[in-house]
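Student: Next one to model:
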Amino acid sequence: MAALVAIDPQDAAIDHPLSYLAPEGEPLPAPGERVQVPLRQRVVRGWVVAHAPAPGGVRLKRIVGVGPGEERCPADALALARWLAHRYLAPLGAAIDIVAPPPARRGAPRGFGGVASDARADGLQGPGSPEPPLTVWQREALAPIVEAIQRRQAQRFLLWGVTASGKTRVYEEAVAACLQAGRSAVLLVPEIALTPQLVGSLRRRFGDRIAVLHSQMAAGWRRHHWERVRSGEARVVVGARSAVLAPVADVGLFVLDEEHESSYKQDESPRYHAREVAFHRATEAGAAVVLGSATPSLESMQAALDGQLRLLRLPERIDARPMPSARIVDLREELAATGEVSPISRPLREALREVVAHREQAIVFVNRRGFSGALICRACGFSWRCPHCDVGLTYHHGPGRGSLRCHYCGYETEVTGRCPRCGDEEIAAVGFGTQRVQAALAAAFPGVPVLRMDADTTGRRDAHRRILDAFARQAPAILVGTQMVAKGHDFPGVTLAAAVLADVTLQLPDFRAAERTFQHLVQVAGRAGRGPRPGQVIVQTFQPDHPSIRAAVSGEAERFYHRELAFRRRWSYPPFGELVRLVAQDPEEPRARGAAVEMARRLEEAAAGRSGVKVLGPAPAPLARLRDRWRWQVVVRGPSPLPRELVRGLVESEPLTGALRPESVVVDPDPVDVL
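Tutor: Next up, the predicted model:
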């Protein structure tokens, strides 16, 4: 007999398990054991996944080492990895890598990665102060969730609640019911930055039964919390996407807050979606799944209309607080009146003056970091582009003249002040980024704290919490940021929320562009008016009549959903069809193109006679070159599960060979974007 070993993807890119004999004089390691095996001219790591008869006519190598027991992948985790690999067309080793125990800690862990200090992480004890009574809507939403938990029924719910309607309270009560029934719960948030707020709320009530898991935690702390969850000591898990894989015992509840967010989709193999993983695990465990959002994804909305999800509504804010008043600012009129487009329109400036005068707070959303989207030469029109990617460089203000950066590969160069094409010095910054808006606000309102929260300011551990804590302590104050500031934050002092340029996402070549624009604006608007004073929203745009912008401002969500679902149905886009995207990547453009041509040919042959299946491409990807690799793509579209099965047949057949073999092929089932 031989051991089938899935190779660790960090050591080698091997798509399928390899056969090895037992170590000399020892039995075959059991499935799940961590092993070291020879591969080519080196030793790599992997996991034993099964035993099988040794293939005849082949001289097998032997396993050279077996890891300690603490590195073993448990049987239930191995089963989950098998499902992930099959569902997402991924190598089994890559799937095991994300469910296996984190690296063992060495000594006592120090510091709490990305969330809070040791005291805040493990020292808080419940119970907290008495909770206010539930509203009628909250009680009606909670009842069927609790019933499913108690009866061990695998039920799926969509909790559609307007911003500030008390969805988090429903989650907490469901967790309490879960613990009372002796079961565990997993609560997911779309951003790591949102974990401290939720953890704090839960710890006040449930004490040290809480564990936190996410990818930015220090290795020691992650292993520490993983062991607490595995042992059953911690029965409530809070975290971002990867926490859906936590080794919880007798799980009774999965919650995905802000379920519409694309960050729930993994962007590396296996490219899983936390929503689907939660559904799968809940079905096996007899658990409830609650998807919560003020702006549900179209996939979830259609599933509710079809009866696959039970729709629960929270249509009113807590304490009958009014929704914020909203206003659209037409930037075309601003341009005509002033001859320029400022990041701060006249109406926004007046509204901010009121905020400052009343010592309140404001949140300003900018869907781009940096100072401006680009630098251009006024004389010849030259614009700076990344030498490694097919994208323009973003201008960042800084020492000297600042720098130009690529937000995809990290390339950076100093600004010289002269056009490299014509030598002219008339260089202009085009567009608005968070840096530029922060600078404009600081100049317009001297003495008022203007904080910024984006990928540039939150790179260090715990930076999210420090920025949010600083904002919460000050009034008046203005918080400028990217999507990070639009998700889930609850600041009672915020009376104004603004979107500087609301139509940026509408320009993307993506069928989800309108949906994302609508969601961003509704979420931004939801940050205002959550306290005793009413809120207001200002949306600046060059497309004031676009349906997604109009619907977000007017609150006509159902009209938007019906319109957008009709568009998706007409073109067989999700949720009315399935997409699988394949991207061939290679430093040599002909090889990437040739591989895409060959993949498309094989898929066309396999799709012949299959009703409704279309093979789109081959074509250059919208971002045709990234990190010095050319990218050509093929998209298979059709009724589920045909596209996935066709692609499975391709990837499980003989691989692309010879001149057509690219450096890598990305297989992405159900892509959340096609860039």
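Student: alpha carbons only for contacts and neighbour counts from here, please
Tutor: Will do.
Student: by contact count, what packs against the host helix or strand of residue 583?
Tutor: Element membership for residue 583, per DSSP states H and E: strand 578-586. Here strand 578-586 touches helix 589-607, strand 629-638, helix 642-652, strand 664-669, going by 3 or more C-alpha pairs under 8 Å, 6 or more residues apart in numbering; DSSP states H and E.
Student: Show me what it is in contact with.
Tutor: 573, 592-593, 595-596, 621, 629-644, 647, 662-671, 674 (C-alpha atoms under 8 Å, 6 or more residues apart in numbering).
Student: Okay, now the sheet partners of that strand, with direction.
Tutor: Neighbouring strands of strand 578-586 in its sheet, by DSSP bridges, are strand 629-638 (antiparallel), strand 664-669 (antiparallel).
Student: between the first one and helix 589-607, how many degrees?
Tutor: Going back to what we said before, that points to strand 629-638. Orientation note: strand 629-638 sits at an angle of 10 degrees relative to helix 589-607 (axes from the mean of the first three to the mean of the last three C-alpha atoms, to 10 degrees).
Student: what angle do strand 629-638 and helix 642-652 make?
Tutor: 130 degrees.
Student: circling back to that earlier point, could you export the strands paired with strand 578-586 as TSV, including mean neighbour count?
Tutor: Shown next, in TSV, are those (neighbours: other C-alpha atoms under 10 Å):
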stretch	mean neighbour count
strand 629-638	26
strand 664-669	21
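Student: For stretch 363-381, measure first residue to last.
Tutor: 35 Å (C-alpha to C-alpha, to the nearest Å).
Student: Repeat that for stretch 663-675.
Tutor: Rule used - C-alpha to C-alpha; the end-to-end distance of stretch 663-675 is 19 Å.
Student: I would like the residues contacting that stretch, please.
Tutor: Outside of stretch 663-675, the residues within contact range by C-alpha under 8 Å, 6+ apart are 88-90, 262, 265, 271, 509-510, 512, 578-587, 621-623, 644.
Student: Now which of those would you call buried?
Tutor: Buried subset of the contacts of stretch 663-675 (neighbour count, 16 or more other C-alpha atoms under 10 Å): 88-90, 262, 265, 271, 512, 578-587, 621, 644.
Student: picking that back up, now the strand holding residue 583, how far from the centre of its chain.
Tutor: Here the centre of strand 578-586 is set off from its chain's centre by 19 Å, with C-alpha atoms, centre = their mean, to the nearest Å.
Student: Dump that strand to CSV, keeping only the CA atoms.
Tutor: C-alpha atoms of strand 578-586 as CSV (Å, rounded to 0.1, in the frame of the first residue of the first chain):
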residue,chain,number,x,y,z
GLU,A,578,-23.5,30.3,-13.4
LEU,A,579,-20.1,31.7,-14.4
VAL,A,580,-16.7,30.1,-14.3
ARG,A,581,-13.7,32.3,-15.2
LEU,A,582,-10.4,30.9,-16.4
VAL,A,583,-7.4,33.2,-16.7
ALA,A,584,-4.2,32.2,-18.4
GLN,A,585,-1.2,34.1,-17.1
ASP,A,586,2.3,34.2,-18.5
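Student: Mean confidence (pLDDT) on that strand, please.
Tutor: Across strand 578-586, pLDDT averages out at 95.
Student: do stretch 652-669 as well
Tutor: Rounded mean pLDDT across stretch 652-669 is 75.
Student: that older thread, including distance to residue 562, could the strands paired with strand 578-586 go into JSON lines?
Tutor: Conversion of the strands paired with strand 578-586 to JSON lines gives the following (distance: least, C-alpha to C-alpha, whole Å):
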{"stretch": "strand 629-638", "distance to residue 562": "21"}
{"stretch": "strand 664-669", "distance to residue 562": "25"}
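Student: ok so, going back, kindly reformat the helices and strands packed on strand 578-586 as TSV containing distance to residue 73.
Tutor: Listed next are the helices and strands packed on strand 578-586 as TSV, based on distance: least, C-alpha to C-alpha, whole Å:
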stretch	distance to residue 73
helix 589-607	35
strand 629-638	34
helix 642-652	25
strand 664-669	25
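Student: if we compare the ones you listed, which one ends up closest to residue 617?
Tutor: Evaluated over the helices and strands packed on strand 578-586, closeness to residue 617 peaks at strand 629-638, with 4.9 Å, by C-alpha to C-alpha.
Student: contacting residues around that closest one?
Tutor: 388-389, 572-573, 577-589, 592-593, 596, 599-600, 612-621, 623-625, 643.
Student: cool, and stretch 290-306?
Tutor: Against stretch 290-306 from outside (C-alpha under 8 Å, 6+ apart): 145, 156-163, 167, 253-261, 309-311, 515, 519, 522-523, 561, 565, 574-575.
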